[in-house]
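Enquirer: attaching a predicted model along with its sequence, questions to come.
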Amino acid sequence: MYHLYNTFFGPLNSDACVYFLFMSALFFVILILVLASEIIYIFSSLYSGRKFTFRDLRNGILILCNLFLAYFVNRLFYTMCAKSLA
């Protein structure tokens with residue numbers, strides 16, 4: 001019974017830290033892509049004559065903050081995992 005418990009709920013080795021490394025890289029790439037698309041959206045709305053509202057700016061900033069936070073948390077988890085299991 002203990003072997004079954006240890007298999008599913010026991011501690012993992014340091015190879016499991018790669019998950020946090022992958023997630024931080026993924027969120028960083030998404031952050032850069034969304035930042036670029038927001039900049040393109042702002043300039044295209046200014047040059048095309050569409051109305052650019054405060055709501056558009058606020059939503060873009062909130063999305064970027066959320067993505068940055070996800071990137072930072074996964075990077076922090078990777079650092080803690082790698083340092084504690086090394």
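Expert: Nice, thanks for sending it over.
Enquirer: give me phi/psi at Leu12?
Expert: Leu12 adopts backbone torsions of phi -100, psi 160, taken as degrees, to the nearest 10.
Enquirer: quick one: the helices in the chain?
Expert: Using DSSP state H, the helices of the chain run over 2-9, 18-48, 54-85.
Enquirer: mind listing what's buried along the last one?
Expert: In other words, helix 54-85. Across helix 54-85, burial judged by 16 or more other CB atoms under 10 Å covers 60, 63, 67, 70-71, 74-75, 77-78, 81. Bear in mind the C-beta positions are built from the backbone N, C-alpha and C, glycine included.
Enquirer: of those, which is the nearest to Gly10?
Expert: For the buried residues of helix 54-85, the residue nearest Gly10 by CB to CB is Cys81; the value is 15.5 Å.
Enquirer: skipping adjacent residues, who's closest to that closest one in space?
Expert: Cys17 (3.9 Å; CB to CB, 6 or more residues apart in numbering).
Enquirer: with Leu67 instead?
Expert: Leu31 (4.3 Å).
Enquirer: now that neighbour: how far from Met80?
Expert: Distance of Leu31 to Met80, computed by CB to CB, to the nearest Å: 21 Å.
Enquirer: over to Arg58?
Expert: Taking CB to CB, one finds Arg58 at 33 Å from Met80.
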